[in-house]
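Student: Here's a sequence, model it:
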Amino acid sequence: MSARRSRLLLLCAVVVAAAGAIDAATGRVWDQLAVLIFVGVLVVAALVVGRSRRPTVSVRSDLARWLRDRAVVEGEDLDALVDRSIATYREHLDGPVPQR
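Tutor: From the prediction side, this is the model:
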């Protein structure tokens, strides 16, 4: 699932939790209100924490599958493996990157 789709689903969850919280407040169902506010806070936290400062790069599905499998086999973080793979490919195309 893409990051955009995930954020959209989380935003929908916030809207549903907010609507439910409003309904619970008007109906004076305080335990339901507390649960819905808690869910809303968790979803907003997921949106904030999940927001990456890194740009999203789309790759073919076979390459994404290979990257995931390779990360599991090597016990390496997926992001680190992707960074290393792209850096190796770039070096192959451009030559070594000069050190600053």
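Student: need the helices for this protein, in chain order.
Tutor: 3-26, 30-50, 61-74, 78-94 (DSSP state H).
Student: List the buried residues for the longest one?
Tutor: Which is helix 3-26. For helix 3-26, burial by neighbour count (16 or more other CB atoms under 10 Å) applies to 10, 13-14, 17, 20-21, 24. C-betas here are computed from N, CA, C, even on glycine.
Student: and it, what does it pack onto?
Tutor: Contacts defined by 3 or more CB pairs under 8 Å, 6 or more residues apart in numbering; DSSP states H and E place helix 3-26 against helix 30-50.
Student: what residues go with each domain of the chain?
Tutor: For the chain, the structural domains run 3-50, 61-94, going by automatic domain parsing.
Student: The helices of the chain: lowest mean pLDDT?
Tutor: When the helices of the chain are compared by mean pLDDT, helix 78-94 comes last with a mean of 88.
Student: chain center to that one, what's the gap?
Tutor: 21 Å (CA atoms, centre = their mean, to the nearest Å).
Student: and what of stretch 63-70?
Tutor: On CA atoms, centre = their mean, the centre of stretch 63-70 falls 17 Å from the chain's centre.
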